[in-house]
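> sequence unknown, structure follows:
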């Protein structure tokens, strides 16, 4: 007695269902694997591990992104104020060119105003030396924007006379692409404004 052959369409239909099931399972497996890899990578970026003396693993949190930003921002502000205010007849052009890379048109406008007022001409004419003594900045975040207030103490050496001044300036910080060595921190000073400038006497300096 001959074995009856199965209907070819039934066999093809079964094969199609099997192939479809394999494809779906493969897709789900790949999706799950990608999700596991992404989740593991994210956790690894946010934590580190150290081995304790007893052999146990201790999770260590990395410095948060905001803390990193604050360090970069403070370094950026210190770099800018050093370049912009620590000047003399021999370095002012080079320092000011570097400072202009760290701010937008507000800084450039202030530079042009100072130049028009003869600030740099007097620097050359009288061989003045303007030296920064200290830079202290405070950064406040509001709705994703960063505002800073910086107090810069500098002295102007006129040869036999040395005067000390306190400058309070404000502005905002904007994240941009890093441009080494011109802008190593990837930040840009905007809305820069010199709020107050006052001469300090010896008593103020001691305080």
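Happy to help now that I have it. Here the structure is a predicted model, which means the values were calculated and not measured.
> count of neighbours near residue 154?
Neighbours of residue 154 under the rule other Cβ atoms under 10 Å: 20. All C-beta atoms are positioned from the backbone trio N, CA, C, and that covers glycine.
> Name the nearest residue to it, sequence neighbours excluded.
residue 132 (4.7 Å; Cβ to Cβ, 6 or more residues apart in numbering).
> Show me what counts as buried in the host helix or strand of the one you found.
In this structure, residue 132 sits in strand 129-142 according to DSSP states H and E. Along strand 129-142, these residues count as buried under the neighbour rule (16 or more other Cβ atoms under 10 Å): 129, 130, 132, 135, 137, 139.
> Closest one to residue 83 out of the residues you listed, please.
For those, the closest approach to residue 83 (Cβ to Cβ) belongs to residue 132, at 9.5 Å.
> show me what contacts that closest one?
By Cβ atoms under 8 Å, 6 or more residues apart in numbering, residue 132 lies in contact with 81, 82, 85, 86, 152, 153, 154.
> rewinding a little: gap between the helix or strand following the strand holding residue 132 and the chain center?
As assigned by DSSP H and E, the chain's next helix or strand after strand 129-142 is strand 145-157. In terms of Cα atoms, centre = their mean, to the nearest Å, the gap separating the centre of strand 145-157 from the centre of its chain is 18 Å.
> Next secondary structure element downstream of strand 145-157?
Tracing the chain past strand 145-157, the next element assigned as helix or strand by DSSP H and E is strand 162-175.
> Check the gap between residue 118 and residue 86 for me.
Shown here: residue 118 relative to residue 86, a distance of 20 Å by Cβ to Cβ, to the nearest Å.
> higher neighbour count, these two?
Set side by side, residue 118 and residue 86 give different neighbour counts by other Cβ under 10 Å, the larger being at residue 86 (19 against 10).
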